[in-house]
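**Student:** Quick one, structure for this:
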Amino acid sequence: MSINISQLTKIYGAQKAVDSISFKVRKGEIAGFLGPNGAGKSTTMKIITGYLQPDGGTIEVCGIPVNTNRIESKKKIGYLPEANPLYFDMYIREYLGFCAGVFKVNPIRSRTEEVIAMTGLGPEAGKKIGQLSKGYKQRVGLAAALIHDPEVLILDEPTSGLDPNQIVEIRDLIRKLGADKTVLFSSHILQEVQSLCDRVIIINKGRIVADDSLSNLQKTKAGDHSVIVEFKEIIRANQLEPITGVNSLEPQTTNHQPQTSVFKLHTGNPEAVRKQLMELSLQNNWNIVSLQSEQNSLEDIFRTLTQQQTTNNKHQTIL
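**Tutor:** The predicted structure follows:
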């Protein structure tokens, strides 16, 4: 395994940022690492890359123990942190050449030009980093992470600050890199994760709450489908409580008439729920404007898992 984490723990005072988590990521896999703000994502990534010392557990990168051999493990890792640290007074080529020198890349010049082309920095390559837009600064950070051709990429919000066209380009690059590297990346753009990853790891309050393929998560973690119903009348959520087989119910906003009501019902049995909605409407003389089923998105799964209250976890967590 390229990344092997076992019982990883990080504590700040009385607060557990990471609470005994374990997972593995193999070569050629792009794994999305998701969680709400303060869940422990960035802390975990900093520990994997050797920038933070854990309070418990073990981390191996390409078979190298990070706890006891940070220098060798860092040679295997390309890291783009969320707060992208750059030297604004340096030119792009100068900075990337400096990074290449740190990793003893040879030849420096040709590899620098290669990553400039790879990350789309060519049009701005003659500028100082401080003169760049946020999106191009993000590209410089990604280029620096790639300069030594690492086996493992740890990317924390890699498309932050990019415009829609740039996001598509960087997604394509990550997808290409994932063919022969190990990629672990976090993003708040869930559609991005859904388009890139077959596997998703979700952390909440310092604990792993899901680690599976997206297709399995859709079936087992948050119900296979959602049923969306719109009523012509004002209906309260508690009036739908008699319906069985509903995992969760969410009122939805609507652009239609203000007196209408829209609800999304998460369920593993959409046909049964649709039937019950029709029967309940007949009993109460409600008028259904529309009734449809759809497969749950990653956003639905994420919200369901991270909003669940775990009574056995009383620790406050920090990022």
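**Student:** Please enumerate the strands of the stretch 101-250 of the chain.
**Tutor:** Listed in chain order, the strands found in the stretch 101-250 of the chain under DSSP state E, counting those that start in this stretch are 152-156, 182-186, 199-204, 207-213, 225-231, 246-252.
**Student:** Need the ones you listed in TSV (columns: mean pLDDT).
**Tutor:** Converted to TSV, those look like this (pLDDT from 0 to 100):
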stretch	mean pLDDT
strand 152-156	95
strand 182-186	94
strand 199-204	93
strand 207-213	92
strand 225-231	91
strand 246-252	88
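**Student:** Output these as TSV; include the columns mean neighbour count and distance to residue 133.
**Tutor:** Any C-beta I mention is one placed from the backbone N, CA and C, and that applies to glycine too. Rendered in TSV, the data for the strands of the stretch 101-250 of the chain read as follows (neighbours: other C-beta atoms under 10 Å; distance: least, C-beta to C-beta, whole Å):
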stretch	mean neighbour count	distance to residue 133
strand 152-156	24	19
strand 182-186	24	22
strand 199-204	23	30
strand 207-213	18	35
strand 225-231	22	38
strand 246-252	15	36
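**Student:** Throw the ones you listed into CSV and include distance to residue 175, thanks.
**Tutor:** Shown next, in CSV, are the strands of the stretch 101-250 of the chain (distance: least, C-beta to C-beta, whole Å):
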stretch, distance to residue 175
strand 152-156, 12
strand 182-186, 9
strand 199-204, 14
strand 207-213, 17
strand 225-231, 28
strand 246-252, 32
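**Student:** Identify whichever of the ones you listed lies nearest to residue 273.
**Tutor:** strand 225-231 (4.9 Å; C-beta to C-beta).
**Student:** helices or strands up against that closest one?
**Tutor:** strand 261-267, helix 270-284, strand 288-295 (3 or more C-beta pairs under 8 Å, 6 or more residues apart in numbering; DSSP states H and E).
**Student:** and that strand, which strands flank it?
**Tutor:** Here strand 225-231 is paired, per DSSP bridges, with strand 261-267 (antiparallel), strand 288-295 (antiparallel).
**Student:** Distance of the closest residue to residue 160 other than its chain neighbours relative to residue 81?
**Tutor:** If the residues on either side of it in the chain are set aside, residue 160 comes closest to residue 138, at 6.0 Å by C-beta to C-beta, 6 or more residues apart in numbering. Distance, residue 138 to residue 81, by C-beta to C-beta, to the nearest Å: 11 Å.
**Student:** Comparing these two, which shows the higher neighbour count?
**Tutor:** Counted by other C-beta atoms under 10 Å, residue 138 and residue 81 do not tie: residue 138 has more neighbours, with 23 against 17.
**Student:** so what's the more buried one up against?
**Tutor:** Residues in contact with residue 138 (C-beta atoms under 8 Å, 6 or more residues apart in numbering) are 84, 158, 159, 160, 161, 162.
**Student:** how about a cut-off of 10 Å?
**Tutor:** For residue 138, the contacting residues are 80, 84, 86, 119, 132, 157-162, 166, 170, by C-beta atoms under 10 Å, 6 or more residues apart in numbering.
**Student:** Mark which of those residues are buried, thanks.
**Tutor:** Among those, those buried by neighbour count (16 or more other C-beta atoms under 10 Å) are 80, 84, 86, 119, 132, 157, 158, 159, 160, 162, 166, 170.
**Student:** one step back: can you tell me which one of the contacts of residue 138 sits lowest on pLDDT?
**Tutor:** Model confidence across the contacts of residue 138 bottoms out at residue 161, which has 78.
**Student:** ok, that one touching residue 140?
**Tutor:** No. In this structure, residue 161 is not within contact of residue 140 by C-beta atoms under 10 Å, at 11.4 Å.
**Student:** Which stretches in the chain count as helices?
**Tutor:** 41-48, 70-75, 92-102, 108-118, 134-146, 164-177, 190-196, 214-220, 270-284, 298-307 (DSSP state H).
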